[in-house]
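Student: give me a model of this one.
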Amino acid sequence: MFETEIQLIRENKTPKALRALNVFIDANGVLRVWGRLENSLLPYESQHPILLQNNHHFTSLVVQDAHKNTFHGGIQQMISYIRKRYWILQIRRSVKYQLHRCPSCYRQKASEMQQ
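Tutor: I've put the predicted structure just below:
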């Protein structure tokens, strides 16, 4: 993910699409987000979450895992669970897509039939 952006960051140039996120490459070569959470007492992974694209297969696996671990929780609950470790671009769209694909969540949301 983000091959061209990583190349630009290594050349000390800021990618236009990621300028607002203050991204950086850590010691392991992972693209992470820099922010105000650096001043908190949270662990390093929560202070600087890993940046992911919303349309990647790995991202959909992360969202599916969050859906199972939050016990079919709602949109906001899944987003806060994911943001502990990852920063997904357009995360709300990915989470809503997963909720609409889940058969049990779909059945729970069904409205009663009226005559």
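
Student: check the residue sitting nearest the centre point of the chain and give its pLDDT.
Tutor: Ranked by distance to the mean C-alpha position of the chain (CA atoms, centre = their mean), the top residue is Ile88 at 2.7 Å. Ile88 carries a pLDDT score of 94 in this model.

Student: ok, it to Lys13 distance?
Tutor: 24 Å (CB to CB, to the nearest Å). Using the backbone N, CA and C atoms, a C-beta is placed for each residue, glycine as well.

Student: Ser60 now?
Tutor: Counting by CB to CB, the gap from Ser60 to Lys13 is 30 Å.

Student: ok, back up a step: what sits closest to the residue nearest to the centre of the chain if chain neighbours are left out?
Tutor: Leu52 (4.8 Å; CB to CB, 6 or more residues apart in numbering).

Student: check Gln47 too.
Tutor: By the measure of CB to CB, 6+ apart, the closest residue to Gln47 outside its immediate chain neighbours is Leu37, 4.5 Å from it.

Student: can you report how many residues lie near the one you found?
Tutor: Burial measure for Leu37: 14 neighbouring residues, criterion other CB atoms under 10 Å.
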